[in-house]
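Asker: here is a sequence with its predicted model. Questions after.
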Amino acid sequence: MFERLFEIFRPSYETKVPEADAEHAFGALMVRVAKADRAYLHQELERMDFIIAKRNGLSALEAAKYRASCEKLEEVMPETAELSRIIASEVSEEGREMMFISLWEVLLADGHKHRAEEEVIDKVATIFGIGTNRATVLAANVLPGMPNKDGT
């Protein structure tokens, strides 16, 4: 009897692991950045959903489901470099720069810069072929008023 009761309240769907294409890999990277500081916060989820909805023309609900599938991909693909390489091989330089900016938006969504999150973004920038000077310029567009990596 209890099993039947649990069946009623159990979700009737399960989020599947998506194909590791560039858009899902990008979503997984956003999740990876958000989780890097070991605090996966509501503000980060909202920012990711906004970015996903805008990039893919999705409703808020569809974007949240898409993010959930990206969370699954992030779990099964342990290497940030592997996710980044998928994107680097499929996305133009301009597209990779836009993704890089979006990663910074996720990092800053909670109002704090965490070194662990920056380390993920630095690794991604290298694989994306975004040099240090260009990365600094791109990040500066997202970082007004935020302290530098050394706290100044």
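Answerer: Thanks, I have the structure now.
Asker: which stretch of helix or strand covers residue 104?
Answerer: Assigned by DSSP states H and E, residue 104 belongs to helix 93-108.
Asker: and that helix, what does it pack onto?
Answerer: Counting contacts by 3 or more Cβ pairs under 8 Å, 6 or more residues apart in numbering; DSSP states H and E, helix 93-108 packs against helix 22-35, helix 42-56, helix 80-90, helix 115-128, helix 132-140. In this view, the C-beta of every residue, glycine as well, is placed from N, C-alpha and C.
Asker: nearest to residue 101, of these?
Answerer: Among these, the nearest to residue 101 by Cβ to Cβ is helix 132-140 (5.5 Å).
Asker: in that closest one, what counts as buried?
Answerer: With burial defined by 16 or more other Cβ atoms under 10 Å, the residues of helix 132-140 counted as buried are 135, 138, 139.
Asker: can you give me the neighbour number for the closest residue to residue 111 other than its chain neighbours?
Answerer: Among residues not flanking residue 111 along the chain, residue 43 sits closest, at 7.5 Å (Cβ to Cβ, 6 or more residues apart in numbering). Other residues near residue 43 come to 14 when the count uses other Cβ atoms under 10 Å.
Asker: below-threshold pLDDT in the chain: ranges please.
Answerer: The model of the chain has pLDDT under 70 over residues 1-18, 144-152.
Asker: contacts only, for the closest residue to residue 37 other than its chain neighbours.
Answerer: Nearest non-adjacent residue to residue 37, counting by Cβ to Cβ, 6+ apart: residue 114, 3.8 Å away. Residue 114 makes contact with 36, 37, 107 under the criterion Cβ atoms under 8 Å, 6 or more residues apart in numbering.
Asker: the second one touches residue 116, doesn't it?
Answerer: Right, residue 37. Yes - taking Cβ atoms under 8 Å as the definition, residue 37 is a contact partner of residue 116 at 5.0 Å.
Asker: so the two - more neighbours on which side?
Answerer: Using other Cβ under 10 Å as the criterion, residue 37 and residue 116 rank with residue 37 on top: 19 against 13.
Asker: ok, the residue sitting nearest the centre point of the chain - contacts?
Answerer: In the chain, the centroid-proximal residue (Cα atoms, centre = their mean) is residue 30; its distance is 0.6 Å. Going by Cβ under 8 Å, 6+ apart, residue 30 touches 48, 51, 67, 70, 102, 103, 106.
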